[in-house]
Every structure is written in structure tokens, then in C-alpha cells.
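S.K.: When you get a sec, could you give me coordinates for this:
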Amino acid sequence: MITNKRLAGRKILFATVPGEGHVNPLTGLAKHLQQQGCEVRWYTSERFAEKIRQLDIRHYPFVKALDANAETIGQLYPQRAKITRLIEKINFDMIHIFSLRSKEYYEDLQEIYKSFPFDLLVADSMFTGIPFVKEKMKIPAVAIGIIPLSEKSKDLAPYGLGLTPANGMIEKFKHAFLRFMSDKILMKKSIKVYSTILKQHGINKEDAPLFDFLLKNATLVLQSGTPGFEYYRSDIGKNIRFIGPLLPYAADDDNQPVWFDERLKNYKKIVLVTQGTVEKDINKLLVPALEAFKDTDVLVIATTAGNSTGALREKYPFDNIIIEDFIPFPDVMPFAGAFITNGGYGGVLLSIQHRLPIVAAGVHEGKNEICSRVGFFKYGINLNTETPTPEQIRDAVTEILTKDIYARNVKKLSREFELYNPNELTAGYLGELLSKN
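M.R.: Next comes the predicted model:
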């Protein structure tokens, strides 16, 4: 490990939105910075307290901030489940899950600073407390991009719609019109809410999309992933750096058993399927995937995150189906030929790292942006739905297993990943930043 002397003794506070996809990618980085001699602490939901304590990092829970996480959001906002229109759901989430929490985060962070005067904030790129730390507390705030780059660009459609780059002048005009519509009409309500909160605290903000503003306002943006998984922008921000795929912390433990099933030796065609830890409705992806391949010559390995595991095993008792609560993906991905997912960013990056083509089926919570990149760059197939049919899944897997373009493209991007050391790159950028402050 390369030691960065500029980091030794520095106090760094991590702050994250209360979701697995916001917390998990930063765990390896937090541990690395701790090993570099930093005093690292972490502010996030009590739901992640034990995970953070296991890293030997002190945890600060939300006090003033409402804890709207995957376990509580249904109780806090029962009306959200009834929202089916994409734009309406985006606006709802922007307001209630992100914007309204910003001032509460600020109150908590001010209290934390009294006993832990941190030199630097490292936050996920959707953490709405970033402007408060940078502008009001005058502390450098680094955003870690844990979703595809959400910066607004004259070259692209508005972020969140899942649209790929324009092909020709007509589409370019359409995307320009959509950018105008998004800012002035479609997302106006949520943009206004956050702008009002910031102005009430003396922070000037142009009427821009929330996640675009957070990136532009951050002292530095360190984007998980590499340029090969991102659309070209001629106007990319000068504060943005790609650092390679940030993946969760994995302890060096030779005693940790490796997951294995003898059936891996018996099948030539193997697929891995997951719908992540947030989505609870197994009928969206797990069930259609199992229906697609039950009692066939394709081995299906499904992870449920503890959702209806027993019921699924009872319904699908076939020899070619393995259903588990959790499987370490690095143990099984080397055996698989396709990864079926609803588009979680961490899982997609891990799949690419293991040179595994993807069948993507996700729309909400920004997953359409991840899935659209999978399809556009031909790292797999984007089904453009979060409720695919068994036939759609079967046809997509068949195409991936029979056409080598997807495996070739994923292999090329995996080699690009290998050129980056995320933790050491990040430590270098942070050391440089702190040396200037």
C-alpha cells in the first residue's frame, strides 16, 4: 500500500444518504483512509451503525434528520407506493427524500463539528448537505459519484429520463427542448423546494436540477467508474475526476468460506439474477427470471436479499435453480455467462469487473440511467422495463450467450477498470486538496 503522508492525522467525516447503494461503495475507501492515518468517522442512518462499527469507525446517527431509508420509507410516505408516473415519482423523491433533509443534515453536522472538527467532508454525490458544509461551514466537501455522472450537459438529455445521446440533429433539438422542459416545467417543483431552502440559509443557487447542482457545488467530484461507462460531454465540469469502480470493503480473511455449489460443474450455461436490496417485490424480476429458465439446461443462481426465499424455493424446486438470501458475487460471477439485474450501480460495476455481460431491467430510483448505459455501449441488453416477461429475459440471455459482442465489450471495459486504483487515486486527490487548505 502506498502511504499518503499528507493525510496522516487529518479528520475526515463521511456522510451518506441512508441506502445500501450510498453507504456500501464508500466502505472500502473509508477503511483505506483510516489505514492512511486519517481519523475517520461516519454520519448516516442508525440502520448502518453495526456495519460501520465493524469497520472500527465511529458512527454518528441522524438526530435532527428524518431517517427515510428502505425500511422506513413506506411508513413515512405511504402515498409514494401509489405513484406510477416516472416524473411524478422523481419529483416526490427529490423533495421528500433529498431536499427537505438538507437543512436537517446541516443541523446534525454542526453539532458533530463541536466535538469532531473535521477537516474534510466525504459524501455520496446525492447527499444534500454538501452545499451547507462548503458554503456555510467553509469546509471542503468532496462528492463521491455513486451513480452514473448526473451533471447536466448541452450534449445530453436531462438526467433521470434514461435517454441515450442524440443520434442526429433532430434528436439534439429534442434533447435541448427536454432540458428546457425539465428545468422550467417537469422538475420545477422540486428544483424550487431546494432553491428556497438554500436561499433561506444564505446560499445562492441557480434553478438547476438537484444532482447537477450538488456536483457543481462540491469542491471535488470523484466519480466511481471510468470514462468507458459514461456518455461523452464536451462541457464536463473541471472538478470531476474518474477514479475507477469503488466497491465495498472486503476484509482479508483466509478463514472466510468461499461460496460454491457442485451444480456449477454440471452446467455449461449459468446466469446470476438479483434485484438488489431495496426492491421487495419479487414478481418484478426474480419470478420472471426463474420462470424463464425453470427445468432447463440453464443453471439459475438467484439472490433474494432475504425476500421470500423460502417461498421461492418451494415454488421452484428444480435442480437447475439455486435460491439464496445472499451470495458473495465475486465467488459466483466467474462461473456465470450473464448477470440479470434491475440496474444497481455497484452490481453492474462488479459484473463488468468480472467480465460478465448484463441483462438490465430497471426504471425507477435512477436505475434507468444505469440500464441505458448498459444497452448503449452494448455491455449487455437493456430491456427498458422493470417488469420484464419471462420471454424477454430468456431471449436477452440467449442473445448474450450466443453473440460475443457483449462479452468483447465488457472485457474491454474491464481492462480499462484495471488501469485505476480507486482508493489510492482518491487518497491522492484528497491529500492534494487538504494540502491547499
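S.K.: what's the spacing between stretch 139-149 and its chain's center?
M.R.: 12 Å (C-alpha atoms, centre = their mean, to the nearest Å).
S.K.: One more: stretch 116-123?
M.R.: Relative to its chain's centre, stretch 116-123 lies at 22 Å (C-alpha atoms, centre = their mean).
S.K.: Stretch 71-89 now?
M.R.: Mean-position distance between stretch 71-89 and its chain equals 20 Å (C-alpha atoms, centre = their mean).
S.K.: Now it: buried residues?
M.R.: Of the residues in stretch 71-89, those with enough neighbours to count as buried (16 or more other C-beta atoms under 10 Å) are 73, 83, 87. From N, CA and C alone the C-beta is placed, and that goes for glycine too.
S.K.: Convert that stretch to PDB, retaining C-alpha atoms only.
M.R.: Output of stretch 71-89 as PDB, limited to C-alpha atoms (Å, rounded to 0.1, in the frame of the first residue of the first chain):
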ATOM      1  CA  GLU A  71     -37.100   0.000   5.700                       C
ATOM      2  CA  THR A  72     -39.000   3.200   6.800                       C
ATOM      3  CA  ILE A  73     -39.900   5.000   3.600                       C
ATOM      4  CA  GLY A  74     -43.200   3.000   3.100                       C
ATOM      5  CA  GLN A  75     -44.400   4.000   6.600                       C
ATOM      6  CA  LEU A  76     -43.200   7.600   6.300                       C
ATOM      7  CA  TYR A  77     -44.700   8.100   2.900                       C
ATOM      8  CA  PRO A  78     -47.400   5.500   2.100                       C
ATOM      9  CA  GLN A  79     -48.600   7.700  -0.800                       C
ATOM     10  CA  ARG A  80     -45.300   7.100  -2.600                       C
ATOM     11  CA  ALA A  81     -46.200   3.500  -3.500                       C
ATOM     12  CA  LYS A  82     -49.200   4.800  -5.400                       C
ATOM     13  CA  ILE A  83     -47.100   7.000  -7.700                       C
ATOM     14  CA  THR A  84     -46.500   5.200 -11.000                       C
ATOM     15  CA  ARG A  85     -45.500   8.100 -13.300                       C
ATOM     16  CA  LEU A  86     -41.800   8.500 -13.600                       C
ATOM     17  CA  ILE A  87     -41.600  12.300 -13.500                       C
ATOM     18  CA  GLU A  88     -44.000  12.500 -10.500                       C
ATOM     19  CA  LYS A  89     -42.000   9.900  -8.600                       C
END
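S.K.: what does that stretch contact?
M.R.: Defining contact as C-beta atoms under 8 Å, 6 or more residues apart in numbering, one finds that stretch 71-89 is touched by 47, 66, 68, 92-93, 96-97, 161, 186-187, 363-364, 368.
S.K.: mind redoing it with 10 Å?
M.R.: For stretch 71-89, contacts defined as C-beta atoms under 10 Å, 6 or more residues apart in numbering pick out 18-19, 45, 47, 66-69, 90-93, 96-97, 160-162, 181-182, 185-187, 189-190, 278, 280, 363-365, 368.
S.K.: ok so, going back, I'd like the list of the buried residues of stretch 71-89 that fall within helices, please.
M.R.: With helices taken from DSSP state H, the overlap with the buried residues of stretch 71-89 comprises 73, 87.
S.K.: residue boundaries of the strands in the stretch 151-300 of the chain?
M.R.: For the stretch 151-300 of the chain, the strands defined by DSSP state E, counting those that start in this stretch occupy 220-224, 240-244, 269-274, 298-303.
S.K.: related to what we said a few turns ago, from the buried residues of stretch 71-89, pick the one nearest Pro388.
M.R.: Ile83 (21.0 Å; C-beta to C-beta).
S.K.: gap between that closest one and Ala65?
M.R.: Computed with C-beta to C-beta, to the nearest Å, the distance linking Ile83 and Ala65 is 23 Å.
S.K.: repeat for Glu369
M.R.: Taken as C-beta to C-beta, the span from Glu369 to Ala65 is 26 Å.
S.K.: if we can go back for a sec, can you tell which of the strands of the stretch 151-300 of the chain is closest to Phe260?
M.R.: strand 298-303 (11.2 Å).
S.K.: angle of the closest one against strand 269-274?
M.R.: When axes from the mean of the first three to the mean of the last three C-alpha atoms, to 10 degrees is applied, the directions of strand 298-303 and strand 269-274 differ by 20 degrees.
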